[in-house]
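Peer 1: fold the following.
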Amino acid sequence: MGVPMPADRMFNLQRRERLLEELRRHGSVRVADLAPLLGVSELTVRRDIAALAESNLLTRVHGGATLPTQLGPAPRRPRVAPTRFTIGMVVPSLDYYWPQIVTGARSAAASLGVHIQLRGSSYDPTEDRRQITRLIDAQQVQGLLLAPSLDTDGAADMISWIGNLPVPTILVERQAPRWTPTLRQLEWVRSDHALGLEMAVRHLHEHGHRRIGLVLSKGSPTSAHLAQGWALACADLGLPADLVIREAVALDSPGHREIIGDVLRRCRREGVTALIVHGDPDAMSVAQYCAEQGVPIPDQLALVSYDDEVAHLAEPALSSVRPPKNQVGRVAVELMVARLVEGRRRPVQRVLITPELVIRDSSTPRPPR
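Peer 2: Numbers count the residues shown, from 1 in each chain. Below is the predicted model of the structure:
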């Protein structure tokens, strides 16, 4: 028999295996989320991540970790598959929401021997076309992953233009109509935002809320999907579906305090006891305003955010719907490689990936003291 392993050493191994399970499940993890899940401090989680990174089992990033982008026996001598294709990727932002999608795409690309050429746009159709045209004109890409602006009057023209490009295209976090008058029907991969919103409504309903409000971010391409999920959940649960506030309350918008005040006054007038806000900065604005006005969360108003980018930083930490951003990027690359390998004989695929509801302090009743 071998020498018995010390109890604390065994605990370390079990905790790190659980960390890797979460990483394999989500594609990326955050220190702030892992600490309460594992029942340890954030410092301990960071040490675990550092130890696992030393063994090339994960890649450290700011605030957490991702799946390793290279496979090999040691970090210094990774095995990288030879590059077969170069795929262009155009996303509307390189700071909020999209970095995790890009990380997932790059992770899949590294394991499949694919090179990603990334371009940033700015939620502007003209800039979208300029960046896409630059990639096409360089004649270096065999496929395109695109997230164009489709919420304008020119959306149909944009879809037609994309569908007739000379290389295969896959929309990322965007959805084309069921049928398009293009050379080939467009493929897409996106988060199932409607289902994610339903998950939030059902969570609040389970905690006794019957007057739930929804704040949509004006101009966001996600809003239409959230409104769809809202309508389905309200119809199924017998909740009033008219408590939708189509305003953005971003921290940096002019007069945001007045907008938030209007939102909360309507909540009081309509008897709303829970609010779902898209996205995190807007939800944090509401939480901050409530604190200043003496409105306790969740005792007087339960709050759920949608995006889960920075929701854990609020006070209290916000429950949030987390779109599967990393997985969306990974699946988009995998679909594109399959398309490039199999060609036109491969059936068109359109993929919805389910979000996750992360429950924190802002939506669950506090235990009695």
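
Peer 1: can you give me the helices for the stretch 251-369 of the chain?
Peer 2: 256-270, 280-292, 325-342 (DSSP state H, counting those that start in this stretch).

Peer 1: correction: the previous question concerned the stretch 101-250 of the chain.
Peer 2: In the stretch 101-250 of the chain, helices defined by DSSP H, counting those that start in this stretch lie at 125-137, 155-163, 193-206, 223-237, listed in chain order.

Peer 1: among those helices, which is nearest Asp33?
Peer 2: In terms of CB to CB, the element of the helices of the stretch 101-250 of the chain nearest to Asp33 is helix 193-206, at 16.8 Å. Where C-beta positions appear, they are placed from N, C-alpha and C, glycine not excepted.

Peer 1: what's the closest of the helices of the stretch 251-369 of the chain to Asp157?
Peer 2: Once the helices of the stretch 251-369 of the chain are compared by CB to CB, helix 325-342 is nearest, at 23.3 Å.

Peer 1: quick one, which of the helices of the stretch 101-250 of the chain is packed in tightest?
Peer 2: Ranked by mean neighbour count, the helices of the stretch 101-250 of the chain are led by helix 193-206 with a mean of 21 (mean count of other CB atoms under 10 Å).

Peer 1: just to revisit the earlier point, redo the helices of the stretch 101-250 of the chain as JSON lines? Include mean pLDDT and distance to Val277.
Peer 2: Formatted as JSON lines, those follow (pLDDT from 0 to 100; distance: least, CB to CB, whole Å):
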{"stretch": "helix 125-137", "mean pLDDT": "94", "distance to Val277": "27"}
{"stretch": "helix 155-163", "mean pLDDT": "92", "distance to Val277": "26"}
{"stretch": "helix 193-206", "mean pLDDT": "98", "distance to Val277": "10"}
{"stretch": "helix 223-237", "mean pLDDT": "95", "distance to Val277": "11"}
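
Peer 1: returning to that earlier point: so for His312, which of the helices of the stretch 251-369 of the chain sits nearest?
Peer 2: Among these, helix 280-292 sits nearest to His312 (CB to CB), with 9.2 Å.

Peer 1: helices and strands around that closest one, which ones?
Peer 2: On a contact count with 3 or more CB pairs under 8 Å, 6 or more residues apart in numbering; DSSP states H and E, helix 280-292 meets helix 256-270, strand 274-278, strand 302-306.

Peer 1: list the buried ones in the first one?
Peer 2: So that's helix 256-270. Within helix 256-270, the residues that count as buried by 16 or more other CB atoms under 10 Å are His256, Ile259, Ile260, Val263, Leu264, Cys267.

Peer 1: let's have these in a markdown table, adding distance to Glu42.
Peer 2: Converted to a markdown table, those look like this (distance: CB to CB, whole Å):
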| residue | distance to Glu42 |
| --- | --- |
| His256 | 30 |
| Ile259 | 34 |
| Ile260 | 30 |
| Val263 | 33 |
| Leu264 | 32 |
| Cys267 | 34 |
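
Peer 1: tell me the one among these nearest to Gln228.
Peer 2: Among the buried residues of helix 256-270, Val263 lies closest to Gln228 (CB to CB), at 21.6 Å.

Peer 1: ok, that closest one to Glu292 distance?
Peer 2: Using CB to CB, to the nearest Å, one obtains 14 Å as the distance from Val263 to Glu292.

Peer 1: now swap in Glu17 and tell me
Peer 2: Separation of Glu17 from Glu292 (CB to CB) stands at 44 Å.

Peer 1: repeat for Leu23
Peer 2: For Leu23, the distance to Glu292 equals 38 Å [CB to CB].

Peer 1: between the two, tell me which one has more neighbours.
Peer 2: Leu23 (23 against 10; other CB atoms under 10 Å).

Peer 1: list the contacts for the more buried one?
Peer 2: Val29, Leu58, Ala65, Thr66, Leu67 (CB atoms under 8 Å, 6 or more residues apart in numbering).

Peer 1: what do you get for Pro166?
Peer 2: Ile136.

Peer 1: surely His312 touches Val31?
Peer 2: No - His312 lies out of contact with Val31 (CB atoms under 8 Å); the separation is 9.7 Å.

Peer 1: of these two, which one has the most company?
Peer 2: Taking other CB under 10 Å, His312 and Val31 do not tie; His312 has more neighbours (22 against 19).

Peer 1: now the more buried one: closest residue in space that isn't a chain neighbour?
Peer 2: Leaving aside its sequence neighbours, His312 sits nearest to Ala32 (CB to CB, 6 or more residues apart in numbering; 4.5 Å).

Peer 1: now that neighbour: which helix or strand?
Peer 2: Secondary-structure assignment from DSSP states H and E places Ala32 in helix 31-38.

Peer 1: by contact count, what packs against that helix?
Peer 2: In terms of contacts (3+ CB pairs under 8 Å, 6+ apart), helix 31-38 is packed against helix 7-26, helix 42-54, strand 64-66.

Peer 1: for the residue nearest to Arg134 when sequence neighbours are not counted, the count of nearby residues, please.
Peer 2: In space, Arg134 comes closest to Arg119 once its chain neighbours are excluded; the distance is 7.1 Å by CB to CB, 6+ apart. A count of nearby residues for Arg119, using other CB under 10 Å, gives 18.

Peer 1: does Arg119 touch Ser93 like I think?
Peer 2: No - taking contacts as CB under 8 Å, Arg119 lies outside contact range of Ser93: 11.8 Å.

Peer 1: looking at it, the residue nearest to His312 is touching Glu42, isn't it?
Peer 2: Yes - under the criterion of CB under 8 Å, Ala32 is in contact with Glu42, at a separation of 6.7 Å.

Peer 1: and those two? which has more neighbours close in?
Peer 2: Taking Ala32 and Glu42 together and counting by other CB under 10 Å, Ala32 has the greater number of neighbours (17 against 14).

Peer 1: the more buried one and Cys234, how far apart?
Peer 2: In terms of CB to CB, Ala32 sits 32 Å off from Cys234.
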